[in-house]
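>>> Mind looking at a prediction? Sequence and model below.
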Amino acid sequence: MVDRRQCQLVPAVDLVHRRALEPDRGHILSKAPAPVLTDETAQFLTDLTGAPLQNGALWHAALTHGSLGEASDYQRLEFLGDRVLGLVIADWLYETTGAAEGKLSQRLNALVARETCADVARALSVPPHIRMGKQARDDGGANSDNILGDVMEALIGALFLERGFDAARAFVRKAWTKPMAGGTGQRKHPKAALQEWAAGNRRKPPVYTLASRDGPDHAAVFTVRVSVGGVGEAEARGSSKQEAETAAARMFMERFG
C-alpha cells in the first residue's frame, strides 16, 4: 500500500505562481517577430502609394519571393491583385472607349498581361525592393517578367486590402497611364496576325515548337520555334512559353510577312 504521508502535494502558492507566470511565458516563447520592411522600402512604398503604410507585414509579403522559403510570400496577394487589376482596367476601357466587346477584350488582355505588368513595375522602380534568395537574384529573377508581373499584382492586392477598391483603382489608373495612352492592345496580337496571314496566303496554320527550356524554375528561359510550311521559320526566347511564342510570331511576320 502507498503511504499517503509520502504523497506530498505541491504548495498552493507555487500553483498560483505557475498559473500566473506560465501564460505570459508561453506567449513570449510562441510569438514570432513580425516581418519588418527596411526604412528605404517603407519610404518607397509610401511615396508610391501616396500614404503611410498601415500593415507592414502585408507589404512585406507582397515583395517576398518564394525562393526565400518564408511562411508568407506574394502568391496569395498576386492572385487577388490580378482580379482587382482586371476589374479596374475593364471599367476604365468601358468608360473611355466605345469599342465592341471583341476589341475591349483584346485591349484588356494586353493591358493586364504579365509583360505589361512587368514593364509597369520597371517604370515604377520596383525591382530593387523585391526580396528573393541570392541564387534567384543572381539568375536574373529581379528582371524576370514572370516575377515582376506577379509582384506588381501583389502590390495592387496589398493596396486593395489595406485601403479599399477606390485607392487601388486610383493607383492603377496612374501607373497604367502610359500603356493605356500608348494604345497597348489596339494592334492585333502577333500570333493572331500570323494565323490570319497564313490563312490569307493559303498556307497551313503556323506550328509552334518548344526548342529548349533553360535555367532554374524561378528564372526559366524558353526558346520557341514557329514554322509555316513552304515559307520558313523563326525562333525567339522569352521568360515564359507564351512570351516566346509571341516573340517568335512577331519575328516571323517581320521576316516573311
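That came through, no problem.

>>> Burial check on Tyr57, number of neighbours?
Actually, residue 57 is Ala. It isn't Tyr. When neighbours are defined as other C-beta atoms under 10 Å, Ala57 has 14 of them. Yep, even glycine has a C-beta here, placed from its N, CA and C like the rest.

>>> Which element, helix or strand, includes Ala248?
helix 241-256 (DSSP states H and E).

>>> for Asp82, same thing?
Going by DSSP H and E, Asp82 is part of helix 75-96.

>>> ok, and the closest non-adjacent residue to Ala113?
Of all residues not flanking Ala113 in the chain, Gly149 sits nearest, at 7.9 Å (C-beta to C-beta, 6 or more residues apart in numbering).

>>> who's in contact with the one you found?
113-118, 121 (C-beta atoms under 8 Å, 6 or more residues apart in numbering).

>>> Residues touching the helix holding Ala248, excluding its own?
With C-beta under 8 Å, 6+ apart as the test, helix 241-256 has contacts from 114-115, 145, 189-191, 193-194, 197, 206, 208, 210, 222-226, 228, 231-238.

>>> Can I have the buried ones of these as a PyMOL selection?
Only the buried entries of the contacts of helix 241-256 go into this PyMOL selection, using 16 or more other C-beta atoms under 10 Å:
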select buried, resi 114+115+145+189+190+191+193+194+197+206+208+222+223+224+225+226+228+231+233+234+235+236+238
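
>>> Among the contacts of helix 241-256, which lie within strands?
208, 210, 222-226, 228, 232-238 (DSSP state E).

>>> Next secondary structure after the helix holding Asp82?
Sequence-wise, the next helix or strand downstream of helix 75-96 (DSSP H and E) is helix 101-111.

>>> Show me what that following helix is packed against.
Where contact means 3 or more C-beta pairs under 8 Å, 6 or more residues apart in numbering; DSSP states H and E, helix 101-111 is packed against helix 75-96.

>>> Please point out which parts of the helix it packs on sit buried.
Buried residues in helix 75-96 (16+ other C-beta under 10 Å): 77-78, 80-82, 84-85, 87-90, 92-93.
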